Every structure is written in C-alpha cells, then in structure tokens.
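K.L.:
what's the 3D shape of this:
(chains A and B)
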Amino acid sequence: MKLIRTLGALALGAAMTVAAHAEDIKPAVVYDLGGKFDKSFNEAAYTGAEKFKADTGVEYRDFEIQNDSQREQALRNFARRGLSPIVAIGFSHANAVEKVAKEFPDTKFAIVDSVVDLPNVRSIVFKEHEGSYLVGVLASMASETGKVGFVGGMDIALIRKFACGFKQGALAQNPDAEVYQNMTGTTGAAWNDPVKGGELAKSQFDRGADVVYHAAGGTGLGVLQAAADAGKLGIGVDSNQNGLHPGSVLTSMLKRVDVAVDTTFTDAMNGNWSSGVEVLGLKEGGVDWALDDNNASLVTDEMKAAVDQAKQDIISGKVQVHDYMSDQDCPV
Amino acid sequence: MSAGQLPRWVDYGLMPLLNLAAAFLVSGLVVLLIGENPLEAVEILIWGSLGWNEGIGFTLFYATNFIFTGLAVAVAFHASLFNIGGEGQAYVGGLGVAIACLALDRFVPWWVTLPFAVLGAAAAGAAWAFVPAVLQAKRGSHVVITTIMFNFIAASLMVYLLVNVMGKEGSMQPETRTFEAGGRLPLLQDVIPGLDFGTAPLNLSLIIALLASLAVWVLIWRTKLGYEIRTFGASPTAAVYAGISPVRITIITMMISGGLAGMMAINEIMGSQHRLLIEFVSGYGFVGIAVALMGRAHPVGILFASILFGMLYQGGAELAFEKPSITRDMIVVIQGLVILFAGALEHMFRPALIRIFSFARTPATEAA
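P.N.:
Residues are numbered from 1 along each chain as shown, chains lettered A, B, ... in the order given. As a prediction, the model looks like this:
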C-alpha cells in the first residue's frame, strides 16, 4: 500500500510539473487509430500542433489510441489533468467527445471532421468538395485524353464528397471529360493499402486516364507511385504531397487540418475561443490547392488563371459546388 | 508436462515469475535505450494499472476479455487442438450479442436480455468454430490453418453486415445504433455497493467470466466429457482404443472453445460500447493464446495471466500517456517480450530449476 501511495504521489508530482510550464493554456491532441505519422490526415494535425508550439513556445500533450476503449479514456485523462483545449482528430471520436464533454463542461473540446452539438465543443468540418473542385479543374486541363480518375479510400460519405467535388470541377472545365471512380475498400484497412491503390490507378490508366486524384490516406501513396511509374500525373490530398514525386504530382488538394489545430489552440490562448460548428472552405482558407517548386513546371499560366478564376467564383458564390453529404447524392 | 520433477508451487508460481522478471529486464533495457528511466516506467505502469480505482477498473475490464479468449484457447489445448481463431469467433460472437440486444433492448430490462445475449454470443462463436472443426475431424484439414482463415472471413462478413445491413443511416462509422437501457449491462460498481471504479467500463461480464472459468474447470477435470477431451489430447490412438470418437470430441471441443471466445463480445458490446462496431475485437483473441500458454491452460492460471495482460494494456496506456517518448508501439514491444518469455521460452529456466530442486530434495528424502 505504501509503495502504491508513493507511486501515486510521484505521478501526481509529475503531472504538476507539466502544469507549471504552461500557465496560459495546456492544449492536447488525440489522434485516430492511423497514428500521428500517417503522412496524411493525422500527420497534418501533428504539423499544426508543432507549429503552434514553435510559434508560442507553449507545450502540448498528445496521445495515439490503440483501441476503441481508449478514445474516451484518453479524452478523460487529459480533461482530468486540466488540459484544455483538447482536439480529437477524426469522426470516429464523435461518441467519445460527446460523452466526455458532458462530464467536463468547463473544459474546451474540439473535433475535426464531425459535429458534436454541445456548448463546450468546437466542431471543425471542411468543404472538401470545394478544394476537390479546383483540382478537378486542373486535372481536366492537364489531361490530354480527356479522361481523369479518382481513387478513394474507405467507401464512406466523406470520401464520396471528395469524388463528387472533383467530378464537378473536371466537368465544369471540360463537359466531355470522362471521370473514373474507384474506392479501395469498406474497412479501415482501405486507408493503408498502397498496393491496391496502385493497382486501381493502373487500371484507370489502362482505360485511358492520365491524371488521377486520390483521397485515400496511406493508400494514396501507391496511387502517386503508380502515376509516377507510368509517366502519368497524380494529385495528392490533405497534406502537400507535391514533393513525393516531383514532376509527377500535378498538385495537392490541401485540407488544412494543421491550420484548424493551430487556430483552435491560438484562439483558446488569446481568449477568442468559440464553440459551435466551424466550416472551413476556400473562403476561410480551410481547403486549397498546392503550388510550389515541385509542380511549377506542370501548371501553365492558362491553368493557373482558370483555377484562380474558379476559386474566385466559389468564394464570391457565383459557382456553387454541390456537397455530396447534404443529400447523399451527386448531381453529375 | 514434467509433473513430479518440480514442486507445484515452483511450476505454477516461481517459473512464471522468473519468466516475467526476465521479460521486464529486457523491456527495461529497451526503455533505457530510448533514453527513459526504466524504474520510472515500471512505476507508472504499476501505478496506472493497480494504483487507483479507475486503473484497477480498466485492468479488470481488459482482463475480462482475456479470460474468455484464454479459456477458449485452453479448452482446445486439452484436446491438443490449437484454436487460433478466437479473434474471428469473438467478432462473430459480437453479432450474436448485437442481434439479441437490438431485438430486445426497447422492450425488456437488461436481465431479460442477458441470457439471450450470452446464448447468442456462445452460439455464434460456436457456429464459427464448427466449420473448421468438421474439416479437421472429417477431412484432416489442419485447424490452425482453417481457424486463422476464418478470422478473415469473419472480418469480411462483419464489414458487409455493418456497411450494408445493420449500419446506422447517415453515419460514416460502420456501426449499429446505440442500444437502449435494455441492452446495456450494468457496471459492477452500480450492482455491488461500496465499489468505485471511476469511469472504467468494468461491468457484470467479469462475474460471467469467473463463472465460465469455474465451468471450464468442472468440465475438464470433473466430467466424463472432460476426461474424454483430455484422453484424446494426450493420445488420440488410445482414445480410439477406449471407444472415444475423435470426430465427436474434435467438434464438441472446438465448439465449446468457439463459444467461449464468442462470449468475449458480451463484455465489449453489451458491457462497454453498447453498439456493434467494426473491428471491436482488436487483437484480444490473439492475446488469449498467450494468456492460455502462460496460465498453463488451467482456469486459475488463466485468471492471473489475464490480470497481468490487463495490467499491461491499462498500465501501458498510462505509460504512453505520461511518457510521450514511449509510444504505443513500445508498449506492444513490451507485451511481445512478455509473450516471448512466458510462452515461447518457457523451458529456458526449467532445466536449471529442476537441477536446483532435485539437489534440495535429495538430502531431505535421505533424512526421512
């Protein structure tokens, strides 16, 4: 018993020294099962948290869950230690955030990619269809065959939203364009199957496509690899993936999870915290397309002008990109 | 094994402790290698799993899963069958639990649903073990191969059902609707006054697991069927000579084993998650193999081994939480080392111990 009490005191002491470092806020991130170095979605969150740390010098805590029971446990552990805001990455956390946020009404929570309607929760969702529309425009212009492809990860509404936006963009630019769509699978494994991703891309190349966009997490690395090997063009997603195969990645659809995490932390620090639903689209800088040294030679001035025009039109409201999730249907 | 060569307390007590100490020693070196203090790591691990009421709750919650899957593997062991399909059997067991809960939760209290859920879990798990059992018994297809293949079939089947048949409308997560009160097992602390496990999902399943342990002990060592299972396990030819049907024993044993694995789903689905969700088994079925090996296929041993693995899961989570440089993958390394030393290298210390104890015993017998 004595030993246990000593250990308890030790652990408490450790927790308190952490607390003493950051006086203003003590932010925390809980990643999804993919883990923080997934080169995609979770890693973008990690990048955002690291940026916040570099900018402000405020330390943050993070945790990678191992099984479903740990979602609640991790959120609760952070909340109990007085950490706030706590950002949960991924829609799978929705149930856990709802439960724990009710238990700790004074703690600030945020969830990315899902909506939890509670007074102390900020829900951050993205207009992925807008960003996908832009890369759809680019794909259509870069394609010589008039055929472009999409490879999705897990077949869920969120990914169909990417596909639908992409198709709208491609058809807006070239009404005769053909758009092939494939989903990798129906389980979480579909996010991490680069071999199958590569195979799907190759089959689309065989059918004549020469630009392929992926929204498939780790699976997408196989898609981009296949595009580079076949001398075709790939389009990256979430993070800027232009540098993975310079010259073979036309662009990347940026989903700024990093900005969302950084902003959430910064808002909490500056007292600008707000709860409710935050929808980040082109206008808010939540989604965008990537242009850097790696793909500058692939994007002509004409393409750049067209995509900038599309971007302006979407921001001004002249062009409405249909959101698949609004009615579970794609008009094109 | 080598009964008679070693006193029982050495065989069942000292030897596992030695193996465990060796595993922790090597884990300590790994922790040292990544620049953390191993003693501190052990402190956090033990404190996190046993030092506070919620930690104990989580430890016992995980242990409940391991008792079921461990017993499942153990029962098959006694018939010399290696059932490594616990993962798939538990997954399909979840289907049995979910069907019972979804059908009844709105109309009856939990204690009416429970027997149906237990029955559903056991029946689904047993059914999943039935095909490999028949293939083994009648065609000689090795049960190790077929059960592991059935794990994959179970995964595909459940994905299909959750995505296309049972899934909740408008949810991106493949899962059923959340059960109402009639489909939720009460927490242990709500049933037994004076207990407090904080927010840990420790529920009545622990009691069911303990009853199952008792039942397995009675079955194996106190019934005719258990005797037949053990005889078949020790020598199939002798069993045939004694008039025991190998086909019957293989099929019955595998179905009991599968049923026990399936019952793990009661703890996860009815006790904790309150909905059927994708990949909820997350490796508990495989850990059951290690638990059964470490517990010498005896219910008491399995109980202790389950608690140990529960400690590793819960304490490991706390460790990863407290020490960012110790990632979740490190925890898997530590668990792997425990399995390696407790299971695979089980005979490493045995010869030395036998020598020591035969020395110690010889003078004593002479004096007598």
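K.L.:
hang on, isn't residue A:64 packed against residue A:35?
P.N.:
Yes. If you go by Cβ atoms under 8 Å, residue A:64 and residue A:35 touch, sitting 5.1 Å apart. C-beta here means a position set from N, CA and C on the backbone, and glycine is covered the same way.
K.L.:
Show the model's pLDDT score for residue A:4.
P.N.:
Reading off the confidence values, residue A:4 has pLDDT 50.
K.L.:
no, scratch that, I was asking about residue B:263
P.N.:
Confidence score, pLDDT, at residue B:263: 97.
K.L.:
Tell me who's in contact with it.
P.N.:
Residue B:263 is in contact with B:68, B:93, B:118, B:121-122, B:125, B:208, B:212, counting by Cβ atoms under 8 Å, 6 or more residues apart in numbering or on different chains.
K.L.:
Between all of those, which two are at the greatest distance?
P.N.:
Greatest spatial distance in these: B:125 and B:208, 13.8 Å, computed using Cβ to Cβ.
K.L.:
higher neighbour count, the two?
P.N.:
residue B:125 (34 against 22; other Cβ atoms under 10 Å in any protein chain shown).
K.L.:
Residue numbers of chain B in contact with chain A?
P.N.:
B:43-44, B:46-48, B:50-52, B:58, B:61, B:155, B:159-160, B:163, B:170, B:172-174, B:178, B:199, B:201, B:272-273, B:277-280, B:282-283, B:317, B:320-322, B:324, B:327-328, B:331 (Cβ under 8 Å from any Cβ of the partner chain).
K.L.:
Burial check on the spatially closest residue to residue B:322 that is not a sequence neighbour, number of neighbours?
P.N.:
Once flanking residues are discounted, residue B:322 sits nearest to residue B:44: 5.2 Å by Cβ to Cβ, 6 or more residues apart in numbering or on different chains. Residue B:44: 25 surrounding residues under other Cβ under 10 Å.
K.L.:
same check, this time on the one 5 residues further on
P.N.:
Here the neighbour count serves as a burial measure; for residue B:49 (other Cβ under 10 Å) it reads 26.
K.L.:
Residue B:56 is in contact with that one, correct?
P.N.:
Yes. If you go by Cβ under 8 Å, residue B:49 and residue B:56 touch, sitting 7.5 Å apart.
K.L.:
and the nearest residue to residue B:276 once chain neighbours are set aside, what does it touch?
P.N.:
Nearest non-adjacent residue to residue B:276, counting by Cβ to Cβ, 6+ apart: residue B:98, 3.7 Å away. Contacts were defined as Cβ under 8 Å, 6+ apart; by that measure residue B:98 touches B:166, B:176, B:269, B:275-276.
K.L.:
try 6 Å
P.N.:
B:176, B:269, B:276 (Cβ atoms under 6 Å, 6 or more residues apart in numbering or on different chains).
K.L.:
quick one: which of those residues is most hemmed in?
P.N.:
In terms of neighbours by other Cβ under 10 Å, those top out with residue B:269 at 30 neighbours.
K.L.:
Neighbours of the nearest residue to that residue once chain neighbours are set aside, how many?
P.N.:
Counting by Cβ to Cβ, 6+ apart, residue B:269 lies nearest to residue B:97, which is 4.5 Å off, once chain neighbours are set aside. Neighbours of residue B:97 under the rule other Cβ under 10 Å: 32.
K.L.:
Could you look up the SS state of residue B:97?
P.N.:
Following DSSP: H, G, I helix; E, B strand; the rest coil, residue B:97 is assigned to helix.
K.L.:
Domains in chain A, by residue range?
P.N.:
Domain ranges of chain A: A:2-127+A:258-280, A:129-254+A:288-327, per automatic domain parsing.
K.L.:
most neighbours per residue, which of those domains?
P.N.:
domain A:129-254+A:288-327 (a mean of 21; mean count of other Cβ atoms under 10 Å in any protein chain shown).
K.L.:
ok now that domain, how far from the chain's centre?
P.N.:
Relative to its parent chain, domain A:129-254+A:288-327 has a centroid offset of 14 Å by Cα atoms, centre = their mean, to the nearest Å.
K.L.:
Start and end of that domain, how far apart?
P.N.:
Domain A:129-254+A:288-327 has an end-to-end distance of 14 Å (Cα to Cα, to the nearest Å).
K.L.:
Next: stretch B:166-174.
P.N.:
Start-to-end span of stretch B:166-174 (Cα to Cα) is 9 Å.
K.L.:
and that stretch, average pLDDT?
P.N.:
Mean per-residue pLDDT for stretch B:166-174: 75.
K.L.:
go on, stretch B:42-51?
P.N.:
pLDDT averaged over stretch B:42-51 gives 92.
K.L.:
Enumerate the positions of that stretch that are buried.
P.N.:
Residues B:42-51 are the ones in stretch B:42-51 that count as buried (16 or more other Cβ atoms under 10 Å in any protein chain shown).
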